[in-house]
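Asker: the sequence and its predicted three-dimensional model are supplied below.
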Amino acid sequence: MSTINKQLKRRSFLKASAAAGGGVVIGFTFLASCKQEKVFNYADLPTPSMPDNWTTMSGYIKIGENGTISIMNPNPEIGQNVKTSMPMIIAEELDCDWDDVIVEQAPLDTEKYKRQVAGGSQSIRHDWDLLRKTGATAKAMLISAAAKRWDVDPTTLTVNSGVITNGKGETLGYGDVAADIIDMELPEDVPLKDPKDFKIIGKNTSNVDLKGILTGQPLFGIDTKEEGMVYASMIRPPAFGQKLVTYDDQAAKSVNGVLDVVQIDNKIAVIAKSNWPAIKAKKLIVATWEEESELENSIGHNSDMDELLAQGSEEPRRKDGDVEKAFAEADEVLERVYEAPYLPHNCLEPMNYFADVREDKIYTKGPIQTPQWTQSRIAGVTGREASEVSVDLTRMGGGFGRRLYGDFAEEAAQISQAIGKPVQLLFTREDDMTAGTFRPASKYKIAASIKEGKVTGYKLTEACMSANMYGLIPNFFPAGAIPNYQVETVNKESNITIGAWRAPYTNFLGFAEQSFFDELADLMKVDAVQLRLDLLEDAKGPAEEDDRIEYSPARMQETIKLAAEKGGWGVDEPGVYKGFSAYYSHNTHVAEVANVIMKDGTPVVDKVICAIDCGIVVNPIAAKNQVEGGVVDGIGHAMYGDFTFENGKPSAANFDKFRLIRSMEAPKVEVHFVDNGLNPTGLGEPSLPPAGGAIANALHKATGERLYKQPFINQNELLG
Amino acid sequence: MAAFNINVNGTNRSVDVDADTPILWVLRDELNLVGTKYGCGIAQCGACTVHLDGTAVRACQVRISDVSNKKITTIEGLSDDLHHPVQQAWIEHDVPQCGYCQAGQIMTAAAFLKENKAPSDQDIKEAMNGNICRCGTYNRIQAAVKTAAKNM
Ligand code: FES
Ligand code: FES
């Protein structure tokens, strides 16, 4: 294969160049990653045939002479379906037939793809305009190319499914004219489609990796195999606060298949020909650890957080009016404390990473939500330049925030550097659960004042281990809805590593706040849904004047009404106890009705009806999957997720001790989207935060008991 | 180390590993059949489910020395061309999110439906209870097993 580089125009975000696979190759962009073996051919899921030649248009689109179109997915795929939905948006504006599209995963290249992060439910919202313009610009160029061939005005041409037609009824396919766009001037201000003309967006579209998943193809990081690769398993301090003193690796080294044992900082890596010897030998290493900093206990954390709640903060994160005055003048004040433990992420694919640290460059590959940050972290630990580090992305067996942190990628690079070989580091489940970046334990104290039937004051104090809620959260509901409003946050340093966990902070705050409003409605003797609608009505004025306020009161009201209608709120169904919850996060408004029924004297969550406003729904079948999963995840962790520390040691290391929700406990989830045609927002996280509150409120109706502590099974044994 | 002769997806293979090696690691690391996944290593998650003489087993718990004269089927060998009714149902319901648990789910479902031609909803929930889906696709898994049951 020969390569001829052409001078490319760089005056716009879109670049055109030519590329060919048969003989001559022109261009630079994706030929290296254009791997034909990635395309599977199965009888019943049609796959477009591979062309001989590609024309590369921008970093995102390649068009083959036979009309096959390859679209790059820029962002990491963790199960949120961006690998399908982001290319769908390009294909829509490109006006091609989705059946002609293949999707490839882009490597880290921020010059071409800007924001390559899976986190905060931001991929679709952030890139919506960019992806649309990319498709539309390519389409405009292909039309001009056809117009030139026919010597007609481009505006006289029409496009349907990648075929351009002129006034005489003659046609040219995109593949026929693709090569003509090289060196073409890039059009500015290309028209975008009216959403009512969308043909691909809004249509149920199969996950592009579906065939590979269903036939066991090597898609995931853990499936990586590279020439000369060895396997590593790491021993880390068994408790937070410990450091390595000495170790004896004699027995470990005698295990068949073990190649080496090396110390990496405070850890010991076993290197082997395959995973099993590494895992087996690890258990034979006798290591001595000593206390470096305090070995902490959850019991201690608990009283620390109580103290923090009592202290509060001198510097509120948001302060409207005068809450103390409102409380002093109130007819009644309700105050409650809610409590949640640390949580591990437990991605089903344990952390793993491949690294090959060589003299000339560092090649790495694996499941990571933050490739750019990881690139610089790897450069940091190896003492090399970031430009020497390449990062290829694999599909990920879940992320949930754990794969934002490249600690495991750093370790893989350090091991490779130490042994001078390409290596894959794999966490055992025990490593994965105990060497985490945990959701921090937290407590919320919420107080509200009522005067003459109105909520006059609201004060929320957050006590967290290590870190507090991020910047925007104090401006979520009920900011603006209540005249005297205050949010304070306080934390205590800990040596237990923490990090973002799906819907950071709101994953628990949503439950606390929505349980509190339910109890408040009871106290005020108003309907729980009506109380929220009224407060949102009051928030409309302030939200218009205060642009710090994050949510839209009107959109939240619509979402609440849809959930109430679909969930039969206020309609009596014998034997069904209903709970309500509504929460805004990650730019998306969600409301949920949970149904609890009694089975043999035990309350069981039978069904959750979810209404969600995420604007335009790009791929409904996958969007519903996200919402269903978020609800099940929220319920599972609220009910069962228990994770504590004793002398720095986690209470669970595998699924025998850490209980995840299973098939028999998962309720039916019904999903309804608010249809408003607005630009899309995220879906990976927002359905989770309200779920805990919805079931807690329904369980209260069924049992008469309010739940203040997660996991719920620890407060009420009946639920176990 | 010792040489073991095993039959995987209808083909006889020979591997040189320690007798205590779980077939999960033999499949993944020695035979390059990576569709069978590691999730817990202690029979809790079901990600490693394969068929041993047609019965669903946890590959992380079965040693290589225990499988001579037995036939192992993995997700790669479940059907030639995605035509197994369980795979078809998985396509119809677009079940996976991250997809990591799904090979195990499919292998559990396929073995279960061979024995139970007309399962109730409760039977399905129970049969699938040993397979964790961290992404929470349980609704779809149950619906897909129900669809597959009709087409077995
Ligand atoms: S890996 Fe075998 S059951 Fe989890
Ligand atoms: S689809 Fe991700 S674990 Fe099941």
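Answerer: Happy to help now that I have it. Ligands and ions are numbered 1, 2, ... in the order given.

Asker: from now on I want contacts and neighbour counts done on CA atoms only, so please keep to that.
Answerer: OK.

Asker: how about the single nearest residue of chain B relative to ligand 1, secondary structure?
Answerer: Proximity of chain B to ligand 1 (CA to the nearest ligand atom) peaks at residue B:43, 3.4 Å away. Residue B:43 carries the three-state label coil when classified by DSSP: H, G, I helix; E, B strand; the rest coil.

Asker: going along the chain, name the helices of the stretch 251-400 of chain A.
Answerer: A:275-282, A:298-311, A:323-328, A:371-382 (DSSP state H, counting those that start in this stretch).

Asker: comparing those helices, which comes out most buried?
Answerer: Per-residue neighbour counts averaged over each of the helices of the stretch 251-400 of chain A give the maximum for helix A:275-282, namely a mean of 24 (mean count of other CA atoms under 10 Å in any protein chain shown).

Asker: circling back: quick check: the residue of chain B closest to ligand 1 touching residue B:61?
Answerer: Yes - the pair formed by residue B:43 and residue B:61 meets the contact definition of CA atoms under 8 Å, at 6.6 Å.

Asker: surely residue A:540 is in a strand?
Answerer: No - if the criterion is three-state DSSP, then residue A:540 is helix and not within a strand.

Asker: ok, for it, nearest residue in space, not its chain neighbours?
Answerer: Nearest in space to residue A:540, with sequence neighbours left out and distances taken as CA to CA, 6 or more residues apart in numbering or on different chains, is residue A:553 at 5.7 Å.

Asker: tell me which element the nearest residue to residue A:179 once chain neighbours are set aside falls in.
Answerer: Excluding the flanking residues, the one nearest residue A:179 by CA to CA, 6+ apart is residue A:55, at 6.0 Å. If you go by DSSP states H and E, residue A:55 is part of strand A:54-57.

Asker: what about that strand, average pLDDT?
Answerer: Here strand A:54-57 scores 70 as its mean pLDDT.

Asker: okay, now the sheet partners of that strand, with direction.
Answerer: Taking DSSP bridges as the criterion, strand A:54-57 sits next to strand A:16-18 (antiparallel), strand A:61-64 (antiparallel) in its sheet.

Asker: the strands in the stretch 1-150 of chain A, which residues?
Answerer: Secondary structure of the stretch 1-150 of chain A, counting by DSSP state E, counting those that start in this stretch: strands at A:2-4, A:16-18, A:24-26, A:54-57, A:61-64, A:69-73, A:101-105.

Asker: with chain B instead?
Answerer: Using DSSP state E, the strands of chain B run over B:2-8, B:11-17, B:49-52, B:55-58, B:71-73.

Asker: Throw these into a markdown table and include mean neighbour count and distance to ligand 2, thanks.
Answerer: Rendered in a markdown table, the data for the strands of chain B read as follows (neighbours: other CA atoms under 10 Å in any protein chain shown; distance: least, CA to the nearest ligand atom, whole Å):
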| stretch | mean neighbour count | distance to ligand 2 |
| --- | --- | --- |
| strand B:2-8 | 16 | 25 |
| strand B:11-17 | 14 | 29 |
| strand B:49-52 | 26 | 13 |
| strand B:55-58 | 21 | 16 |
| strand B:71-73 | 22 | 21 |
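
Asker: between the ones you listed, which gets nearest to chain A?
Answerer: Chain A lies closest, by CA to the nearest CA, to one member of the strands of chain B: strand B:11-17, at 8.3 Å.

Asker: separation between residue B:89 and residue B:83?
Answerer: Here the distance between residue B:89 and residue B:83 works out to 10 Å (CA to CA, to the nearest Å).

Asker: neighbour count winner among those two?
Answerer: The neighbour count for residue B:89 versus residue B:83, taken as other CA atoms under 10 Å in any protein chain shown, is higher for residue B:89 (24 against 14).

Asker: touching, that one and residue B:145? I think so.
Answerer: Yes - under the criterion of CA under 8 Å, residue B:89 lies in contact with residue B:145, with a separation of 7.1 Å.

Asker: about what we covered before: next, format the strands of chain B as TSV and append mean pLDDT and distance to residue A:145.
Answerer: As requested, the strands of chain B are arranged in TSV below (pLDDT from 0 to 100; distance: least, CA to CA, whole Å):
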stretch	mean pLDDT	distance to residue A:145
strand B:2-8	94	54
strand B:11-17	96	53
strand B:49-52	98	53
strand B:55-58	98	57
strand B:71-73	98	53
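
Asker: just give me the neighbour total for residue A:197.
Answerer: By other CA under 10 Å, 9 other residues sit near residue A:197.

Asker: for it, give me the pLDDT.
Answerer: At residue A:197, the model reports a pLDDT of 95.

Asker: I'd say residue A:543 and residue A:536 touch.
Answerer: No - if you go by CA under 8 Å, residue A:543 and residue A:536 don't touch, sitting 9.7 Å apart.

Asker: who touches both of the two?
Answerer: Among the neighbours of residue A:543, those also in contact with residue A:536 (CA atoms under 8 Å, 6 or more residues apart in numbering or on different chains) are residue A:553.

Asker: these two: which is more packed in?
Answerer: When residue A:543 is set against residue A:536 and neighbours are counted by other CA under 10 Å, the residue ahead is residue A:536, at 24 against 21.

Asker: now the more buried one, what's its secondary structure?
Answerer: Using three-state DSSP, the three-state assignment for residue A:536 comes out as helix.

Asker: gap between the closest residue to it other than its chain neighbours and residue A:541?
Answerer: In space, and not counting its chain neighbours, residue A:536 is closest to residue A:553: 5.1 Å by CA to CA, 6+ apart. Residue A:553 sits 9 Å away from residue A:541, going by CA to CA.

Asker: looking at the two, which is more packed in?
Answerer: A direct count of neighbours by other CA under 10 Å for residue A:553 and residue A:541 places residue A:553 higher, at 27 against 13.

Asker: I figured that one was touching residue A:534, is that so?
Answerer: No - taking CA under 8 Å as the contact criterion, residue A:553 and residue A:534 are not neighbours in contact, 10.2 Å apart.

Asker: OK, contacts around the residue of the stretch 601-720 of chain A found nearest chain B?
Answerer: With distances taken as CA to the nearest CA, the stretch 601-720 of chain A approaches chain B most closely at residue A:629, which sits 4.3 Å away. For residue A:629, the contacting residues are B:135, B:136, B:137, taking CA under 8 Å, 6+ apart as the criterion.

Asker: tell me how many other residues surround the first one.
Answerer: The criterion is other CA under 10 Å. On that basis, residue B:135 has 28 neighbouring residues.

Asker: quick one: contacts for it?
Answerer: Residue B:135 makes contact with A:79, A:398, A:629, A:630, A:633, B:97, B:98, according to CA under 8 Å, 6+ apart.

Asker: measure the first one to ligand 1 for me?
Answerer: When you say that, I think you mean residue A:79. Distance check for residue A:79 against ligand 1: by CA to the nearest ligand atom, to the nearest Å, it reads 19 Å.

Asker: contacts only, for the nearest residue to that residue once chain neighbours are set aside.
Answerer: Among residues not flanking residue A:79 along the chain, residue B:98 sits closest, at 3.5 Å (CA to CA, 6+ apart). Residues counted as contacts of residue B:98 (CA under 8 Å, 6+ apart) are A:77, A:78, A:79, A:80, A:81, A:395, A:396, A:397, A:398, B:135.

Asker: ok, the third one - contacts?
Answerer: Applying CA under 8 Å, 6+ apart, we find residue A:79 in contact with A:396, A:397, A:398, A:399, B:96, B:97, B:98, B:99, B:135.
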